[in-house]
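> Using only what follows, build the 3D model:
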Amino acid sequence: MEKLRIGLIGVGGIAVSRHIPSFLTLSDHAELTAVCDVNGERAESVATEFSIPFHTSQYTEIFDHVDAVTICTPNKFHAEIAIAALNAGKHVLCEKPMAMTTKECESMIEASEAAGKVLMIAYHYRHMKESRAAKRFINEGEIGRPLVSRAQAIRRRKVPGWGVFTNKDLQGGGSLIDFGCHFLDLALHLMDFPEIAEVSGSTYNELSKQPEVVNQWGVFEPSTFEVDDHATAYIKFKDGATLLFETSWAANLADDKESVSISGTIGGLDVFPLVLYQSKYGMLLDQKAYWISDDDDPGIPQAMNFIESCRGTQLPLVKPQEALIVSKVIEAIYKSSETGKAISFT
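Next up, the predicted model:
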């Protein structure tokens with residue numbers, strides 16, 4: 001079988017640190033044939049570093065050299081580029097979040113369906129070995145029906161002071177749309193995306209607007225900071241389950257925290273680190289994983305799933321219709337915070 005020819009559009013940090021190394025690891029299955037970046041010098045430099053034969057600063061020029069593209073641009077350009085690639089007959093792996101708005105997400109799905117090409121979103125936390133094992137627990141009935149779930153994505157004073165992370169026009173938001181989206185997606189995935197009844201949320205950006213702000217991750221300008229550095233939400237589902245969610249780039253708390261936990265009708269679990277909690281045989285049992293066989297680097301199973309989905313031998317683990325739901329929840333949190341009211345999904 002011929003190797004899948006893959007191009008990257010946007011070759012900043014995430015492309016170089018995750019996507020390129022993952023595809024290179026899978027060189028028996030795919031080859032990197034082209035890169036594009038609006039910064040032509042960066043495109044040339046990355047192409048030279050990784051021996052990629054074609055580079056350009058115009059993304060449409062990449063389509064003649066590839067079967068599929070990975071989009072790693074600022075959020076503002078996800079929909080435009082994905083739709084253009086799909087219309088050109090190329091499969092698409094798009095970095096999270098899917099797009100800036102749910103309307104853009106819907107347009108991407110329409111283009112994918114019309115083209116008959118794969119559209120997959122890079123919510124790589126689903127591919128982490130702990131997440132995959134947790135999903136197996138749930139699918140085997142180890143916790144019963146999920147009742148109360150919690151998702152936390154907390155960093156202590158770590159606003160990204162590089163790139164365009166704090167640019168609202170290019171990104172659409174801050175900690176929620178950049179960092180918290182991973183944990184919303186993972187929690188909803190583990191719960192099997194139950195139908196949402198309503199979302200109540202609040203967002204904040206007071207800490208990062210203070211003068212002489214203390215920050216561990218680079219430098220930014222507090223006086224022009226306009227995106228959220230905190231967000232909270234309470235999500236109610238039509239089956240009665242609930243999800244408590246919290247994310248922050250700049251929390252005044254002791255430690256960073258990345259966690260998803262689910263309490264179900266007959267058991268529960270924490271994902272990071274993976275622990276299964278059950279009550280049976282007259283005992284309370286905590287079962288920790290001694291060793292998990294999946295790959296330590298989630299970028300590799302993500303890349304492999306994309307390659308095999310393009311070949312038609314697998315289905316994408318992250319379906320675009322699910323990523324659309326995540327974007328709807330994000331949009332609802334922002335709207336709820338702005339209006340002070342819960343947003344109904346019924």
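
> Contacts for stretch 137-148, please.
Here stretch 137-148 makes contact (Cβ atoms under 8 Å, 6 or more residues apart in numbering) with 190-192, 194, 239-244, 262-269, 276, 278. Quick note: C-beta positions are derived from backbone N, CA and C, even for glycine.

> Return the members of the residues you listed classed as buried.
Neighbour-count burial within these applies to 190-191, 194, 241, 243, 262-264, 267-269, 276, 278; the criterion is 16 or more other Cβ atoms under 10 Å.

> now, which of these lie within helices?
Counted as lying in helices by DSSP state H, out of the buried ones among the contacts of stretch 137-148, are Leu190.

> would you turn the buried ones among the contacts of stretch 137-148 into CSV with pLDDT?
As requested, the buried ones among the contacts of stretch 137-148 are arranged in CSV below (pLDDT from 0 to 100):
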residue, pLDDT
Leu190, 98
Met191, 98
Pro194, 98
Ala241, 98
Leu243, 98
Ile262, 98
Ser263, 98
Gly264, 98
Gly267, 98
Gly268, 98
Leu269, 98
Leu276, 98
Gln278, 97
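
> so can I have TSV of the buried ones among the contacts of stretch 137-148 showing distance to Val213?
TSV is the format used below for the buried ones among the contacts of stretch 137-148 (distance: Cβ to Cβ, whole Å):
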residue	distance to Val213
Leu190	35
Met191	36
Pro194	39
Ala241	38
Leu243	31
Ile262	35
Ser263	37
Gly264	41
Gly267	43
Gly268	38
Leu269	37
Leu276	41
Gln278	45
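
> Which member of the buried ones among the contacts of stretch 137-148 is positioned nearest Leu32?
Lowest distance from Leu32 to those (Cβ to Cβ) belongs to Leu190, with 32.3 Å.

> What helix or strand is Val335 located in?
Check again: residue 335 is Lys, not Val. Here Lys335 is covered by helix 320-339, with elements defined by DSSP states H and E.

> got the buried residues for that helix?
Of the residues in helix 320-339, those buried under the neighbour-count criterion (16+ other Cβ under 10 Å) are 320, 322-334, 336-337.

> What is the nearest of these to Ile235?
The shortest gap between Ile235 and any of these belongs to Val329, at 6.7 Å (Cβ to Cβ).

> ok, that closest one - contacts?
Val329 makes contact with Leu184, Leu188, Ile196, Val199, Ala233, Ile235 under the criterion Cβ under 8 Å, 6+ apart.

> Among those residues, which one lies nearest to Gln171?
When the contacts of Val329 are compared against Gln171 (criterion: Cβ to Cβ), the nearest one is Leu184, at 16.2 Å.

> does the closest residue to Ser336 other than its chain neighbours count as helix, strand or coil?
Closest residue to Ser336 in three dimensions, ignoring its sequence neighbours and counting by Cβ to Cβ, 6 or more residues apart in numbering: Gly201, at 4.2 Å. Using DSSP: H, G, I helix; E, B strand; the rest coil, the structure places Gly201 in strand.

> All the strands of the stretch 201-346 of the chain, residue numbers only.
Here the stretch 201-346 of the chain has its strands, by DSSP state E, counting those that start in this stretch, at 230-237, 242-248, 257-264, 267-270, 275-280, 283-288, 343-344.

> Within the sheet, what are the partner strands of the second one, with directions?
Paired with strand 242-248 in the same sheet, following DSSP bridges, are strand 146-154 (parallel), strand 230-237 (antiparallel).

> Now do Phe54: how many residues are near it, please.
In terms of burial, Phe54 registers 17 neighbours under the definition other Cβ atoms under 10 Å.

> meant to ask about Ile83
Ile83 is flanked by 21 other residues according to other Cβ under 10 Å.

> low pLDDT regions in the chain?
Along the chain, no part satisfies pLDDT under 70.
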